[in-house]
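# Sequence unavailable; structure follows:
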């Protein structure tokens with residue numbers, strides 16, 4: 001049986017999944033990596049640990065089902081976006097830990113650029129506002145704070161990549177001729193690529209003092225980039241790359257303008273396909289590349305990014321200890337009938353779309369003696385639904401279309417209480433597909449299309465099926481009351497940091 005391999009390098013773990021022609025999982029292996037917090041607001045990963053884990057999960061997934069290398073047609077890669085790494089192409093060693101997308105250390109630089117040149121200048125070129133989120137300012141921070149890095153970067157020895165580039169470079173030979181490239185979706189998240197030309201923007205590079213020699217070549221999301229030489233998949237073509245949220249859009253087969261998906265993972269990310277037209281956002285969303293298949297025009301999307309979703313459940317588990325396992329949140333939240341008047345705004349690294357408030361911090365508002373840990377658990381789940389509603393409303397205004405339903409995926413969609421509350425808040429059906437591992441599946445689809453494993457997107461549409469659908473079932477007055485409480489809580493979280 002011929003298969004496609006998919007490497008999913010995420011924020012908390014790395015997975016390898018093998019898919020068959022029907023888009024079903026044949027084998028999977030997963031391994032978590034350390035989250036490093038050197039000081040408040042800083043988040044880092046050890047890239048050497050991630051590369052080691054990547055090789056291990058590929059080997060484990062193959063061994064589990066005794067998958068022969070000759071049966072693997074291609075490999076796709078999907079990755080946590082914006083997470084920034086610079087390494088030496090001669091030694092393969094990183095100059096510093098990977099700076100994770102959630103990291104806020106460039107906050108002061110964001111404020112300086114806001115005063116100096118303004119967010120609109122960056123947004124017009126890249127579709128992205130000034131924020132701590134994107135890769136460009138993280139690269140600048142590394143160049144200015146890591147000894148010897150700038151000199152190596154000017155020489156072309158120090159190279160930058162998001163995790164997709166790092167994994168591809170290592171898979172295809174590393175210091176022995178590894179290919180240094182990225183795809184348009186990841187490039188569009190650096191704040192260094194012009195959305196119209198799909199090329200690195202010389203003016204921005206000059207403004208941030210970033211040498212062009214550091215940056216990877218920009219390629220379509222689906223094409224044969226080269227052969228893997230790394231042992232567990234040696235000889236297999238690497239043929240698809242998509243940033244994780246764009247991969248989920250492809251995995252959900254949202255190929256028509258107006259189709260949207262929301263992924264509930266560490267953060268929460270809603271993407272709306274806008275077709276071959278990039279729509280500038282007036283309501284706090286990101287304009288981004290959705291995907292580009294080889295020899296086809298690029299497709300764009302509007303995106304609303306929520307920094308903390310599943311990560312809030314982890315925080316309740318690890319920092320407060322009110323649940324033992326992440327899955328316990330549903331039982332605890334279901335032990336009460338409502339939130340008891342409590343609202344949880346998880347602005348741990350500021351507020352993302354549609355507010356873009358770097359100065360915001362997390363708050364729990366509306367506390368009384370009546371509130372129990374059950375109410376806190378419920379408020380934590382509801383926070384994800386409220387943040388998604390904020391994004392959806394902005395999206396409908398920008399695109400001037402009303403969504404008729406929302407396709408959902410990611411780890412949190414097994415939480416029935418959350419999915420029902422989400423439908424109630426959005427006032428549209430929420431649809432969970434049979435295959436919820438849509439991020440890895442999207443990368444597999446991109447790779448499979450490149451090598452002819454699937455002929456076209458019609459083949460992919462045939463694989464998509466509904467597992468469960470939730471319909472809105474809440475009184476309008478109750479919904480409005482919840483909404484008003486959330487809005488008040490958002491205001492309380494703003495302007496916390498000076």
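Yes, it's here. Remember, it's a predicted structure, so these values are computed and weren't measured experimentally. Numbering: from 1, shown residues only.

# Near residue 425, how many other residues are there?
If you count neighbours by other Cβ atoms under 10 Å, residue 425 ends up with 22. Placement of C-beta: from N, CA and C, glycine included.

# Sorry, slip of the keys, the one I care about is residue 1.
Look at residue 1: counted by other Cβ under 10 Å, it has 10 neighbours.

# now do residue 316
Other residues near residue 316 come to 21 when the count uses other Cβ under 10 Å.

# Pull up the gap between it and residue 372, please.
13 Å (Cβ to Cβ, to the nearest Å).

# do residue 210 as well
Here residue 210 is placed at a distance of 50 Å from residue 372 (Cβ to Cβ).

# Could you do residue 250 as well?
For residue 250 relative to residue 372 (Cβ to Cβ), the value is 42 Å.

# Looking at the two, which has the bigger crowd around it?
residue 250 (33 against 15).

# Now the more buried one. Nearest residue, chain neighbours left out?
If the residues on either side of it in the chain are set aside, residue 250 comes closest to residue 442, at 3.6 Å by Cβ to Cβ, 6 or more residues apart in numbering.

# Secondary structure element holding the one you found?
helix 438-450 (DSSP states H and E).

# And that helix, how far out from the chain middle?
Remark: helix 438-450 is offset 16 Å from the chain centroid, using Cα atoms, centre = their mean, to the nearest Å.

# What are the contacting residues of the helix or strand following that helix?
Note on helix 438-450: by DSSP H and E, the next helix or strand toward the C-terminus is helix 457-463. Residues outside helix 457-463 that contact it (Cβ atoms under 8 Å, 6 or more residues apart in numbering) are 22-23, 250, 253, 255, 435, 445, 449, 454.

# Minimum pLDDT in these, which residue is that?
Sorting the contacts of helix 457-463 by pLDDT puts residue 435 at the bottom of the list (88).

# For the stretch 251-400 of the chain, just list every one of the helices.
Secondary structure of the stretch 251-400 of the chain by DSSP state H, counting those that start in this stretch: the helices cover 310-315, 328-333, 373-399.

# which other helices and strands contact the longest one?
Put plainly, it is helix 373-399. strand 260-264, strand 268-275, strand 299-306, helix 310-315, helix 328-333, strand 343-345, helix 416-426, helix 476-493 (3 or more Cβ pairs under 8 Å, 6 or more residues apart in numbering; DSSP states H and E).

# correct me, but residue 122 touches residue 129?
Yes. Using Cβ atoms under 8 Å, residue 122 makes contact with residue 129 at a distance of 6.8 Å.

# rewinding a little: just the helices of the stretch 251-400 of the chain: most buried one?
Across these, the average number of neighbours (mean count of other Cβ atoms under 10 Å) peaks for helix 373-399, which reaches a mean of 23.

# relative orientation of that helix and helix 416-426 in degrees?
If you take axes from the mean of the first three to the mean of the last three Cα atoms, to 10 degrees, helix 373-399 sits at 40 degrees to helix 416-426.

# could you give the angle of helix 373-399 to helix 476-493?
90 degrees.

# Neighbouring strands - and their directions - for the helix or strand following helix 373-399?
Tracing the chain past helix 373-399, the next element assigned as helix or strand by DSSP H and E is strand 406-409. Here strand 406-409 has these sheet partners by DSSP bridges: strand 260-264 (parallel), strand 430-433 (parallel).

# Quick check: which ranges of the protein have low pLDDT?
For the chain, not a single residue meets the criterion pLDDT under 70.

# isn't residue 210 right next to residue 140, touching?
Yes. Using Cβ under 8 Å, residue 210 makes contact with residue 140 at a distance of 6.3 Å.
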